[in-house]
Structure formats: C-alpha cells, structure tokens
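A.B. asks: here you go, sequence then predicted model.
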Amino acid sequence: MAIAVAVIALAMGSVLFFFFSPWYLTPLASNWGTIDDTITITLWVTGAVFLAVNLFLAYVVVRYRFNRRRRSQYDPENKRLELWLTGLTTLGIAGLLAPGLLVWGSFVSPPEDAHEVEVVGQQWHWSFRFPGEDGRFGTVHNRLIDEHNPFGMADDPAGQDDILITTPHLVLPVDRPVKMVLRSKDVLHNFKVANFRAKMDMVPGQTSYFWFTPTVLGEYQIVCAQLCGIAHFAMRGRIEVVEQEAFDAWLSERTTHAELAQLSPGDPEAGSEFYASCAACHGPEGQGNQALNAPKIAGLDPWYLERQLGLFRSGARGSHEDDTHGQQMRPFATMLPDRQAIADVAAYIGSLPDQPVQASLAGGDPERGARRYRTCANCHGEQGQGIRATNGPRLAGLSDWYLERQLQNFRQGVRGRHREDPYGNQMVEMAQVLVDDRAVSDVVAYIMTLPQPRVEMAAANPGGVEE
C-alpha cells in the first residue's frame, strides 16, 4: 500500500509542479504560435499517458498485492487487450505526429516575399551574410576559407555586393518574414533562438533553411543546440529586432565583400609613427614594462592586435570600473584615428623582434597546470601558439604576470563582459574552469614552460597571440 501511495503522490506532484512551476517557454516573439500549440498538444497527450500509466501501476500494486491463496493466471494471447492497446497507442502517436508534420511543412516553406540571411557556424562563433542589391548570394565553398576569406567567397560577380557580418550580432526588421540559410564551416552545429521557436541543424557540406517573422522588438539570444566541442556552451550570439528604418540604416553601414577586398593591408612604416606614443610604456621594441603595467606586445599577431585596439578604441575593453590598467590604455587607443591607422600600428608591432621572457612569478605547479591546460589547448593550441580559426590568441612567450592578471579579470568579469566583445564573452565562460587562484597560477606556470617562438618563426607562423 505504501508503494501505491508513493506512486500516486509522485504522479500528482509532477502534474502540480508542471502547472505551478515558474519555468516554462520563453515569451513568443515570432509568428510560430503553431509550434507552441504543437508543444501544448504533446504535453497533454504525454501527460495523460503519464498519469494513466502511474495510476494503473498504483491500482495493480493494491489490487494484486501478495496473497498466499491466490494463483496467477497465464494468458499470453488476449486479443481484446491487444486491440485496445494498439488502438489507443495509434491515436496517441497520431496526436503527437500529425500537428508536428503540418507545422514542419510550413516551417520549411518560406513565403515568396521573405528576405534572406545566411548564418555561418564554426567552432565557436556565428557570422552572417546578406545578399547585396542584386538580391543574390555569391557562390561560396568551404575549401576557399582562410584567414583572409573567412566566408569562403568564390570569384563570383554575384558575391561582390554581398554584405558580410563577422561579429555574432544580427539585426532584423520587425514584421518582415526572413529565410535563414544555414551552413557550417567545420562540425555539426544547430542554430536556435528560443523566443522565435526556431532551430535547425547545420551540416558541413550542406545547406539547410527555415523561416520566421519577428513580431516583437527586442534582443534575443542565439545559442548552438548541438554539442559541437569544448566551447559549445559559449557559442552564443544575439539577434536584435528593430523597425525597418533602423534596419536599413544598420545594413547600409555594413561592409560588402568587394569593399573588404579593397582594404589596404597594414603598413609597418606608417605604423612606426603611431607607435611612438606606445613605446613610452611598452618599450621601443614592444618588450613590455611590468613597472608600468605594460605587457609585452612584440610577437603578437596583427589580427589580434587590431581586434584589441579596436575594442579599446570603441570602449568594449577598458571601460570596466575595476579595470584600471585597461582604462589607462583607452586614451592611447583613441589616438588612432581610423581602421587603417590601427592596421598600420599592428603591422609595425608585428615586425618587432620577439624576445623570450623570463618567469617572474612563483608558486604555480606546471604539472597540475598541464592537466588544466588541456581545455585551453582546444583554442590556443597545444604549444600555446594560437589558432586563428578558433580566434584563440597566442599564449606562449607572454609575461606570466600579465597572463595571470588577465585570467583573473576574465574570471571576475572585469574583462570580456562587454556586449561588443564576443570572444571576450566566450573567454569569461571558459575561465570559470579555473576554480581558484591556485588553478590560475598552475596553468600560467605551465604556459611559461611552452616553447617560445624564435623571431624568424614568429614571422612564418601567423597563428597565435596572447590571452
């Protein structure tokens, strides 16, 4: 009897928890109310079966409890019972599948007036592409992808006016249907926006698609709903739904493929003039100065330097109230007038000799740090050389005091929490695996044992940068 009472209590408690729980679907912000209806039907069908099975179990426990004088009856062929079970199961399965099949048919049938956006997934980042004025996407292929052509754009006239969005921030107009074309650069991903009730797998070598109409102004989180690697949980982005006028203005400010191709590379000679103000803290050869809290920057790849200088210049880095050293850096970054100046000074720093650094901190255990570093190696490389494809900067050859300070800043959210610093946001999440100060000291101690590239190797290997 006690078991029967427990089964009934658990079943009824589960039902009550469902109805009174504060956790449910996120507020709907698209046209897919039919998906919510399908979910509701599924919950009612499965809930009814759940209650029926558990109440029947409780009845059986009581009705057929142990009795020495009772003997069981062997009845292997009960056609009446089989017909009932088959019929009820058929109705239940039909109730589960039929609404979903109808909604799916509509989900992959975009209206003719829907505009298009391509979503590109990679470990662990989102990027986007809009067709240009011709309304057609240019040809792309994964084999063409490199650090200078991250979308894999082919030599196709239709792609010259394609608008490329390299940051995980997408803006869409409200009340206008959009077809999302999905592709992956590397492994399986899944593009999901819970408020839109929209998700779809992204398979390497294939394209998939779905459509929806944003109906509520606001900002919504993009997540990857397919386990895609060590930083899967940090693969996030955002969609901002705005009025049509605001969308048009935002899109007009984005850069086309042709415009990106025409950008001039950094000029080290021109950058040397801008570096004059940097040398006061970082040294004439970028060797750094701990007394001035200026890290070594020689040996860092220009792509990473450009990104960090851009973040300082825009206020996405160095604006946190507890980041006193970052606040000191911001005024110097704002002295660089435009993107070309940033590229020039980054190119000049990339030409400076990469001298080895000596450990200045004590207390860390490199052996323990080696185990902790396995997670870091997925983005930064086993030798700390950095991996451009994962946007993981070089770590080997940097000052230990600077590495330790930045890891602590990431752990505490002092660095990386700004909404315009997507890679910093990922690093904040990943840094949480370092559970305490000792873990930080250990992993820094291990990084200091990694081989430091020689000057000639630094010029030949464009893969790495700092943390």
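C.D. replies: That came through fine. Numbers count the residues shown, from 1 in each chain.

A.B. asks: ok, now which ones touch residue 308?
C.D. replies: By CB atoms under 8 Å, 6 or more residues apart in numbering, the contact set of residue 308 is residue 317. Placement of C-beta: from N, CA and C, glycine included.

A.B. asks: mind doing that once more with 6 Å?
C.D. replies: If a contact means CB atoms under 6 Å, 6 or more residues apart in numbering, then residue 308 has no contacts.

A.B. asks: does it sit in a helix, a strand or a coil?
C.D. replies: Recorded secondary structure, residue 308: helix (DSSP: H, G, I helix; E, B strand; the rest coil).

A.B. asks: can you tell me how far it sits from residue 299?
C.D. replies: Computed as CB to CB, to the nearest Å, the residue 308 to residue 299 distance reads 14 Å.

A.B. asks: residue 100 contacts residue 38, correct?
C.D. replies: Yes. Using CB atoms under 6 Å, residue 100 is in contact with residue 38, at 5.4 Å.

A.B. asks: mind listing the strands for the stretch 201-350 of the chain?
C.D. replies: 208-212, 218-224, 236-242 (DSSP state E, counting those that start in this stretch).

A.B. asks: actually the stretch 51-200 of the chain, not the one I wrote
C.D. replies: 115-122, 125-130, 163-165, 169-173, 178-184, 189-193, 198-202.

A.B. asks: report the angle between the fourth one and strand 115-122.
C.D. replies: If you take axes from the mean of the first three to the mean of the last three CA atoms, to 10 degrees, strand 169-173 sits at 160 degrees to strand 115-122.

A.B. asks: and for residue 410, nearest residue in space, chain neighbours not counted?
C.D. replies: Distances taken as CB to CB, 6 or more residues apart in numbering put residue 431 closest to residue 410, at 3.9 Å, once the chain neighbours are dropped.

A.B. asks: how many neighbours does that neighbour have?
C.D. replies: The number of residues packed near residue 431 is 23, by other CB atoms under 10 Å.

A.B. asks: how near is it to residue 165?
C.D. replies: From residue 431 to residue 165 the distance is 27 Å (CB to CB).

A.B. asks: with respect to residue 395, which of the strands of the stretch 51-200 of the chain lies nearest?
C.D. replies: strand 125-130 (19.1 Å; CB to CB).

A.B. asks: now do the closest one and strand 236-242, the angle between them.
C.D. replies: Using the same axes, to 10 degrees: strand 125-130 against strand 236-242 is 40 degrees.

A.B. asks: I'd say residue 212 and residue 28 touch.
C.D. replies: No. Using CB under 6 Å, residue 212 is not in contact with residue 28; the gap is 10.7 Å.

A.B. asks: tell me which of these two has more neighbours.
C.D. replies: Taking other CB under 10 Å, residue 212 and residue 28 do not tie; residue 212 has more neighbours (22 against 16).

A.B. asks: could you check the pLDDT of the more buried one?
C.D. replies: On pLDDT, residue 212 comes in at 96.

A.B. asks: now it, which residues is it bridged with?
C.D. replies: Residue 212 has these beta-bridge partners by DSSP bridges: residue 178.

A.B. asks: what ranges does the protein have for its helices?
C.D. replies: Applying DSSP state H to the chain gives helices spanning 2-20, 33-63, 79-107, 244-252, 257-262, 268-282, 302-314, 324-333, 339-350, 366-380, 400-412, 422-431, 437-447, 455-460.

A.B. asks: domains in this protein, by residue range?
C.D. replies: Domain assignment for the chain, taken from automatic domain parsing, gives 2-60+83-107, 115-262, 268-460.

A.B. asks: make a markdown table out of the ones you listed and add distance to residue 66.
C.D. replies: What follows is these, written out as a markdown table (distance: least, CB to CB, whole Å):
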| stretch | distance to residue 66 |
| --- | --- |
| domain 2-60+83-107 | 12 |
| domain 115-262 | 47 |
| domain 268-460 | 52 |
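
A.B. asks: of all the ones you listed, which one comes closest to residue 67?
C.D. replies: For residue 67, the closest of the domains of the chain is domain 2-60+83-107, at 13.7 Å, according to CB to CB.

A.B. asks: how long is the closest one end to end?
C.D. replies: Separation of the first and last residues of domain 2-60+83-107 by CA to CA, to the nearest Å is 49 Å.

A.B. asks: avg pLDDT for that domain?
C.D. replies: 89.

A.B. asks: so how far is residue 47 from residue 346?
C.D. replies: Distance from residue 346 to residue 47, by CB to CB: 59 Å.

A.B. asks: which residues are in contact with residue 237?
C.D. replies: Contacts of residue 237 (CB under 6 Å, 6+ apart): 126, 168, 222.
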